[in-house]
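Trainee: attaching a predicted model along with its sequence, questions to come.
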Amino acid sequence: MFKSKSSKLALILFLAMSMLLAACGKGEKASTGGSSKNALEQIKDKGKIVIGVKYDTRLFGLKNPTSGEVEGFDIDISKELAKAILGDEKKVEFKEVTSKTRIPMLNNGDIDAIVATMTISEERKKEVDFSDVYFMAGQSLLVKKGSPIKGLKDLKKGTKVLAVKGSTSAINIREKAPEATVLEYENYTEAFTALKSGQGDALTTDDAILYGMVDQDPKYQLVGGTFTEEPYGIAVKKGNKELVDAINDALKKMKESGKYDEIKNKWIKTN
């Protein structure tokens, strides 16, 4: 009799635990949205694509203080992506990112994609999926005209080189000029302001970004050519193959139609 009661009690406990685990499973599914749709389908359902762009990078992504609108090469590319995916370039929402915040914002679900002068690297491929290369840049040095610094060989002990946190440029310059002191700033605006105020001897990042600084203040110039290849890619959350394919298809059509060259020639100045 005692054994029978014990068996019944064990059975009741087992059933109760099974129901509890099932309920937890449903709750977990609900908390993550419970959607089996992929990222591309979700973007189409909400009728807009949210893209992380920079607000401080002249020629690529810069907030116009007069209009309040963010403008540049990356912005126009993003509008074309929205047009290709959703049929309307206005169906894009821009959110500001920096080199440091862009991947966390993507993986937190704050944005659907990153179009923000982001170099494709093996290390970053562990965290995000990339589109095909949409712009090829190269790292260079920016100095005030008349500076004794003419290239990497002049970055010696005591030389202060400015870079941006979370960028491949900061990593590269430490490898290329190990004796120099590297000072990192939150964004390009802060770094360029620091250079102009004499807090550093040179600023390093991709040449395309540096050209924007020269466009802003012609008292500065690029020196030493490029010493890396920086292929820019559009990043999405890992595993979103459908979205990557849609982006690559849009980029291909942009290039075939001549729209890509039109956007590039509008923004990117190399002299």
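Mentor: Sure thing, it's come through.
Trainee: state the phi and psi torsions of Gly60.
Mentor: Residue 60: Phe, not Gly. Phe60 adopts backbone torsions of phi -110, psi -50, taken as degrees, to the nearest 10.
Trainee: is it in contact with Ile209, as I believe?
Mentor: Yes. If you go by Cβ atoms under 8 Å, Phe60 and Ile209 touch, sitting 6.6 Å apart. Using the backbone N, CA and C atoms, a C-beta is placed for each residue, glycine as well.
Trainee: name the residues contacting each of the two.
Mentor: Thr117 (Cβ atoms under 8 Å, 6 or more residues apart in numbering).
Trainee: how about the strands of the stretch 151-271 of the chain, start to end?
Mentor: Per DSSP state E, counting those that start in this stretch, the stretch 151-271 of the chain carries strands over the ranges 160-164, 181-185, 202-206, 220-223, 230-237.
Trainee: any stretches of this protein with poor pLDDT?
Mentor: By pLDDT under 70, the low-scoring segments of the chain are 1-35, 269-271.
Trainee: and the longest strand for it?
Mentor: The longest strand of the chain (DSSP state E) is strand 128-137.
Trainee: tell me the buried residues in it?
Mentor: Buried residues in strand 128-137, defined by neighbour count with 16 or more other Cβ atoms under 10 Å: Val128, Asp129, Phe130, Ser131, Tyr134, Phe135, Ala137.
Trainee: name the helices or strands packed onto the very next helix or strand once past that strand?
Mentor: Sequence-wise, the next helix or strand downstream of strand 128-137 (DSSP states H and E) is strand 139-144. Using 3 or more Cβ pairs under 8 Å, 6 or more residues apart in numbering; DSSP states H and E, the elements in contact with strand 139-144 are helix 168-176, strand 202-206, helix 207-216, strand 220-223.
Trainee: mind listing what the shortest one pairs with, with the direction of each?
Mentor: In the sheet containing strand 220-223, the strands it pairs with under DSSP bridges are strand 139-144 (antiparallel).
Trainee: same check, this time on the second one
Mentor: Partner strands and pairing direction for strand 202-206 (DSSP bridges) are strand 139-144 (antiparallel), strand 160-164 (parallel).
Trainee: now the ones you listed in TSV, with distance to Trp267 and mean neighbour count?
Mentor: TSV is the format used below for those (distance: least, Cβ to Cβ, whole Å; neighbours: other Cβ atoms under 10 Å):
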stretch	distance to Trp267	mean neighbour count
strand 139-144	18	24
strand 160-164	20	24
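Trainee: ok, back up a step: most tightly packed of the helices and strands packed on strand 139-144?
Mentor: Mean neighbour counts were compared across the helices and strands packed on strand 139-144 using mean count of other Cβ atoms under 10 Å; the top stretch is strand 202-206, at a mean of 28.
Trainee: other residues contacting the longest strand of the chain?
Mentor: 73, 77, 103, 106-107, 114, 117, 119-120, 124, 206-209, 226, 229-241, 244, 247-248, 251-252, 264.
Trainee: buried among these? Make that a ChimeraX selection.
Mentor: This is the ChimeraX syntax for the buried subset of the contacts of strand 128-137, where burial follows 16+ other Cβ under 10 Å:
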select :73,77,103,106,114,117,119,120,124,206,207,208,209,230,231,232,233,234,235,236,237,240,244,247,251,264
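Trainee: now do the helix or strand hosting Gln42: distance to the chain's middle.
Mentor: Assigned by DSSP H and E, Gln42 belongs to helix 39-46. In terms of Cα atoms, centre = their mean, to the nearest Å, the centre of helix 39-46 is found 20 Å from the chain centre.
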